[in-house]
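Peer 1: fold the following, please.
(one chain, ligands or ions: 1)
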Amino acid sequence: MDDSGFWQRARRHMLGYGGDFVRFVPAHAQGSFLYDAGGRKVLDFTSGQMSAILGHAHPEIVATVRDQAGRLDHLFSSMLSEPVVALAERLAGLAPDLPRAMLLSTGGEANEAAIRLAKLVTGKWEIVGFAQSWHGMTGGAAAATYKAGRRGIGPMLPGNFAIPAPNAYRPRFAGVSWREELDDAFEWLDRTCTGNLAAFIAEPVLSSGGIIDLPVGYLNALAEHCRARGMLLILDEAQTGVGRTGLMFAFERDGVVPDILTLSKTLGAGLPLSAVMTSDAIAAEAEHREFLFYTTHVNDPLPAAVGLKVLEIVQRDGLAERATLMGTRLAAGLRGLQQRYECIGDVRGRGLLMGLEFRSFGGRDAGTISDAVTDVALELGLSANIVRAGASQGVMRIAPPLTVTEEEVDLGVELLGEAVGKAVYR
Ligand SMILES: Cc1ncc(COP(=O)(O)O)c(C=O)c1O
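Peer 2: Residues are numbered from 1 along each chain as shown. Predicted coordinates for the structure are as follows:
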């Protein structure tokens, strides 16, 4: 199909914001597939931007949007409505230690609110994150984001620190355990901070950072370090929340309940909805200190109704369990590719959040290989990477919808294998 006219208009009028645009123009989407106007079909192995956990155009979500938009869409920000309270209540049922919630639109916004909340209730202002983190593009969230976006925009917020996340595949120092590295990092923080450490913000699996899965025990040790310093632990489950890793929340694996939990991407299954959840004690202190995070779309009924339906479907259809089942199948398929192709260095992840890391091969570096494979995969009908050139550092991130079928998992693996063969070995 000739889409040169579309690209001409796009080049003329679109402001770029993150590398090249993908040369595929979806016109509609259904389930795990995207279709362009000419009917070309692409398997969406990234759930859009890691969000569409129910696939695209899920009939119950479509019906919910239609119904709620016609009933009650947006309100004055100090008004509450039934879907909003019902969603907060349902979230509390899933994380009983965090029974208080506010609803926002994006992940960055939720983290912004979480950071502000942590600063207010602790009376301190220093925020620590991982050096491979991604928490959003707004001020406080961006200041705690170290994976990208720190150049050319002047000073970041003062009082932000980063420590390295443990990387089992590429350890920084041979023979040094993650615990030694973590203890050492906190000793360094103690020396460099001004005694105002308010919070640590972490993704349980660092996604943009290259699918770095925090090892079992790490969150517990991190929570202990936070407790010892009167810091709050904020967990950002934008990508890991709502079933993707095989549990409703990734933190459940470790038995560590954060002081503040942020959910976004997956909560709205692709529609803009995020949540900040916290304990009664923190909520009480915040209200006492007149916490302010007043936005246009705070606690809007339309996205709340969607979130409520998403949780209902995920629980009713056992989609977290399904993420484990399909994730096991996907991991086995990817490991099969690893055995077949020397250029694949590592396969890792949890549930349906997987990473495939290339290594230098045949005179090409891992990033070049990853980008080439991504391009060929798309030509073959598979969308399977989201961090484009430069930033990917050779890691493909694969996160199909939780509704993906066995046949679609197998098709994705087959197309990826074909793409590696074509891009690297021919
Ligand atoms: C872990 C994590 N947190 C926060 C964000 C920011 O979310 P948003 O882009 O919705 O602001 C992202 C986005 O990729 C993310 O991966």
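Peer 1: for the closest residue to the ligand within the stretch 51-200 of the chain, what are its contacts?
Peer 2: Here the residue of the stretch 51-200 of the chain nearest the ligand is residue 107; by Cβ to the nearest ligand atom that distance is 2.3 Å. Yep, even glycine has a C-beta here, placed from its N, CA and C like the rest. If you count contacts by Cβ atoms under 8 Å, 6 or more residues apart in numbering, residue 107 has them with 135-136, 141, 236, 238, 262, 264-265, 274.
Peer 1: correct me if wrong: residue 130 contacts residue 163.
Peer 2: Yes. Between residue 130 and residue 163 there is a contact at 6.5 Å, judged by Cβ atoms under 8 Å.
Peer 1: any residues in contact with both of those two?
Peer 2: Contacts common to residue 130 and residue 163, judged by Cβ under 8 Å, 6+ apart, are absent.
Peer 1: so between the two, which is more surrounded?
Peer 2: Between residue 130 and residue 163, counting by other Cβ atoms under 10 Å, residue 130 is the more crowded of the two (26 against 21).
Peer 1: so what's that one closest to, chain neighbours aside?
Peer 2: In this structure, residue 130 finds its nearest non-sequential neighbour in residue 165, 4.1 Å apart by Cβ to Cβ, 6 or more residues apart in numbering.
Peer 1: same question for residue 405.
Peer 2: Using Cβ to Cβ, 6+ apart, the closest residue to residue 405 is residue 32 (7.5 Å).
Peer 1: ok, how many other residues are close to the one you found?
Peer 2: 23.
Peer 1: so what pLDDT did it get?
Peer 2: Looking at residue 32, its pLDDT reads 98.
Peer 1: before we move on, what about residue 385?
Peer 2: The model reports residue 385 with a pLDDT of 78.
Peer 1: now swap in residue 12 and tell me
Peer 2: 97.
Peer 1: next, count neighbours for it.
Peer 2: Count around residue 12 with other Cβ under 10 Å applied: 7.
Peer 1: give me the secondary structure label for it.
Peer 2: helix (DSSP: H, G, I helix; E, B strand; the rest coil).
Peer 1: measure it to residue 27 for me?
Peer 2: From residue 12 across to residue 27, the span is 20 Å (Cβ to Cβ, to the nearest Å).
Peer 1: ok, residue 58 to residue 306 distance?
Peer 2: Distance, residue 58 to residue 306, by Cβ to Cβ: 10 Å.
Peer 1: hang on, the earlier thing: what's the closest non-adjacent residue to the residue of the stretch 51-200 of the chain closest to the ligand?
Peer 2: residue 264 (3.4 Å).
Peer 1: could you check how many residues crowd around that neighbour?
Peer 2: If we define neighbours as other Cβ under 10 Å, then residue 264 has 28 of them.
Peer 1: who has more neighbours out of residue 58 and residue 306?
Peer 2: Higher neighbour count among residue 58 and residue 306: residue 306, with 24 against 21, using other Cβ under 10 Å.
Peer 1: contact residues of the stretch 51-200 of the chain facing the ligand?
Peer 2: 106-108, 111, 134-136 (Cβ under 6 Å from any ligand atom).
Peer 1: over to the stretch 201-350 of the chain?
Peer 2: So the stretch 201-350 of the chain meets the ligand at 203, 207-208, 236, 238-239, 264 (Cβ under 6 Å from any ligand atom).
Peer 1: in strands, which of those appear?
Peer 2: residue 236 (DSSP state E).
Peer 1: report the buried members of the residues of the stretch 201-350 of the chain next to the ligand.
Peer 2: Neighbour-count burial (16 or more other Cβ atoms under 10 Å) is assigned, among those, to 203, 207-208, 236, 238-239, 264.
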